[in-house]
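Engineer: make a model of this:
(chains A and B)
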Amino acid sequence: MSSTFASGPSRRTRTSRSVLHALWPPVAFGIGFLALWELAVNVFDFQPYFLPPPSAIWEQFRENPQLIWNATKVSGLNALMGLLVGTALGVAMAFALGRFRLLNDLMTPLAIALNAVPIFVLVAVFNNMFSITSEVPRRLMVTLVVYFIVLVNVARGLREVGPTQLELMRSYAASQAAILRKVRVPNAVPYLFTALKISAPASVITAFVSEYFGGSQNGLGSRIVASIAISKNATAWAYVLGACLLGLTFYLVTLGLERVATPGGVAARQRGEA
Amino acid sequence: MSGGSDTRTEVAAAVEVRGLTKTFNIGRPNAADALVDIDLTIRSGEFVSLIGPSGCGKSTQLRLIANLLEPTTGQVLVNGKPARQARLDQDYGMAFQQAGLFEWRNVAKNVELPLELKGWNKERRRQRALEMLDLVKLPEFTEHLPWQLSGGMQQRVAIARALAAHPPLLLMDEPFGALDEMTREHMQSELLRICGETETTVVFVTHSIPEAVYLSTRVVVMSPRPGRIKTVVEVDLGSERDVDTREDPAFFRKVTEVREALRGMPMTDLDEAALEP
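Structural biologist: As a prediction, the model looks like this:
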């Protein structure tokens, strides 16, 4: 338990300084890595089909912004739709599990088991169910992946409330509804964001991989495969760069939402129970 | 053994426990008598400590008074009402070893919680919370989040919250058990001041003999397996107690008296008690 007490302003300056402090090593590492990559390609004279240099990838990225953006929109929208629907369903189911014990006993082992299986191969089955140009199978796949991550975490957040806090609420003669509203739901918020921080990048990855199982050749995942097929390696890498940026965007947006939604909660979790 | 008080006054006792028995896991092979034949009357304005080795059922007894547990046999009256009714009416406040603050609520909002559940409006709640934080000497921390406070400060907030609805009775389960010795002694004095100002009756569970003697008007010494009241030590050190009280020969005599009452028990249990955090 922290025994320090930090006042507002001094904490802020410390935070901005520590952000800078935390940022420079990865940035320096990234630049160093790219430089080494470029150097290695030149020194060892790698063929472009084996490994293109970062400069060539960047050139492809700059030359095809429209193509990359279009593919990003397709994959990004699939990921986003799946993420939203999966989160909504996962949260709804977590509440239902908290309410009905039998449902909990049925669903929890299933959720854990399914989490251990690479279920995105199911997209092949979904493809079979819808028309060949439909984006639904991919979105369905993302939904399913996100759903289980959110379900498991939020259900735990609703369930795992401090015993002292529950005894207190009982001593206040609080109803189950009041306990849900004032204790369980706020307790589950950090768990929801933990789930979102996992499932936001996972939704993007699932959206790409889903494209490998057929359907329209319009997303980042299928463009990567298509570019390699016609030996345009640097272009394929440019699409990979687009994929990285999309995943990063999803993650950062989630992180930002978390900052806004739980100003105190996150800090409290990091320091152990208050 | 009874608390030995004249209960025949017109004012209802703060707590009245009659023929109380609690058996856990009843009807199963691992059934255990936690408490047997407990009779205890606590008058309004008293400060009563329950002390004893681990397994003597002192926390169980507190939870029975709070109606967080149901007795197997016997009866608990709080303010002359059945314990369940007293709980529903929020006739008591409660504090635990863990402050149990809600980390997503700031300090004032934590204190307001019991009032929220009573249906008080926002203005009245806020005003009372500020009064309570004044009482526990944390007026400048209303907007802070729990993790920004030290353990002692968190425990003060927990006390402010327990007393926010001005209950006549305060039930405390080793509230200072996790604090360091200096903070602990300071908090003991603060608790006496607060309960004196608010005229609150207190039932206090502790492992510490000096703590029990310093705080209490009566110390209830309990013995384990099954838990029962061994003896009750009256502590007549007066109502004005301060740092000098801790060095008073009369204080040491009472500490010795309680210690000897505890010593009549098997040593293994006492060792356990000493080891328990």
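
Engineer: for chain B, just list every one of the helices.
Structural biologist: B:58-65, B:83-88, B:107-117, B:122-135, B:151-163, B:181-198, B:209-215, B:249-263, B:267-275 (DSSP state H).

Engineer: wait, which of the ones you listed is closest to residue A:142?
Structural biologist: Nearest to residue A:142 among these is helix B:107-117 (37.7 Å), distances taken as CB to CB. Every C-beta, even on glycine, is put in place using the N, C-alpha and C of the backbone.

Engineer: could you give the angle of the closest one to helix B:122-135?
Structural biologist: Interaxial angle, helix B:107-117 versus helix B:122-135 (axes from the mean of the first three to the mean of the last three CA atoms, to 10 degrees): 130 degrees.

Engineer: which neighbouring elements make contact with helix B:107-117?
Structural biologist: Applying 3 or more CB pairs under 8 Å, 6 or more residues apart in numbering or on different chains; DSSP states H and E, we find helix B:107-117 packed against helix B:122-135, helix B:151-163.

Engineer: what's the shortest one in contact with?
Structural biologist: Counting by CB atoms under 8 Å, 6 or more residues apart in numbering or on different chains, helix B:151-163 makes contact with A:1, A:3, A:274, B:93-96, B:99-101, B:107, B:110-111, B:113-114, B:129, B:132-133, B:135-138, B:141, B:146, B:149, B:170, B:172, B:175-176, B:178-179, B:183, B:186-187, B:190-191, B:194, B:198, B:200, all of which sit outside it.

Engineer: number of nearby residues for residue A:56?
Structural biologist: Other residues lying near residue A:56 total 18 when counted by other CB atoms under 10 Å in any protein chain shown.

Engineer: endpoint to endpoint, stretch A:116-123 covers what distance?
Structural biologist: Start to finish, the residues bounding stretch A:116-123 are 17 Å apart (CA to CA, to the nearest Å).

Engineer: typo on my end, it should be stretch A:206-223
Structural biologist: Terminal-residue distance, stretch A:206-223 (CA to CA): 15 Å.

Engineer: find the nearest non-adjacent residue to residue A:187, please.
Structural biologist: residue A:161 (5.2 Å; CB to CB, 6 or more residues apart in numbering or on different chains).

Engineer: residues touching stretch B:111-122, excluding its own?
Structural biologist: With CB under 8 Å, 6+ apart, stretch B:111-122 has contacts from A:172-174, A:178, A:182, B:90, B:93, B:102, B:105, B:124-126, B:128-129, B:132-133, B:157, B:160-161, B:164-165.

Engineer: for ChimeraX, write a command that selects the buried ones of these.
Structural biologist: For the buried members of the contacts of stretch B:111-122, the matching ChimeraX selection, counting by 16 or more other CB atoms under 10 Å in any protein chain shown, is:
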select /A:172,173,174,182 /B:90,93,102,105,125,126,128,129,132,133,157,160,161,164,165
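
Engineer: hmm, back to that, can you put the helices of chain B in JSON lines and add mean pLDDT?
Structural biologist: Shown next, in JSON lines, are the helices of chain B (pLDDT from 0 to 100):
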{"stretch": "helix B:58-65", "mean pLDDT": "90"}
{"stretch": "helix B:83-88", "mean pLDDT": "89"}
{"stretch": "helix B:107-117", "mean pLDDT": "93"}
{"stretch": "helix B:122-135", "mean pLDDT": "90"}
{"stretch": "helix B:151-163", "mean pLDDT": "89"}
{"stretch": "helix B:181-198", "mean pLDDT": "86"}
{"stretch": "helix B:209-215", "mean pLDDT": "91"}
{"stretch": "helix B:249-263", "mean pLDDT": "85"}
{"stretch": "helix B:267-275", "mean pLDDT": "46"}
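
Engineer: what about residue B:129, distance to residue B:165?
Structural biologist: 11 Å (CB to CB, to the nearest Å).

Engineer: equivalent analysis for residue A:117, please.
Structural biologist: From residue A:117 to residue B:165 the distance is 52 Å (CB to CB).

Engineer: now residue A:108
Structural biologist: Relative to residue B:165, and taking CB to CB, residue A:108 is found at 38 Å.

Engineer: show me the strands in the stretch 151-274 of chain A, by range?
Structural biologist: Per DSSP state E, counting those that start in this stretch, the stretch 151-274 of chain A carries no strands over any range.

Engineer: any low-confidence regions in it?
Structural biologist: For the stretch 151-274 of chain A, residues meeting the criterion pLDDT under 70 lie at A:263-274.

Engineer: now do the helices in it.
Structural biologist: A:163-171, A:176-179, A:185-210, A:220-229, A:233-261, A:265-270 (DSSP state H, counting those that start in this stretch).
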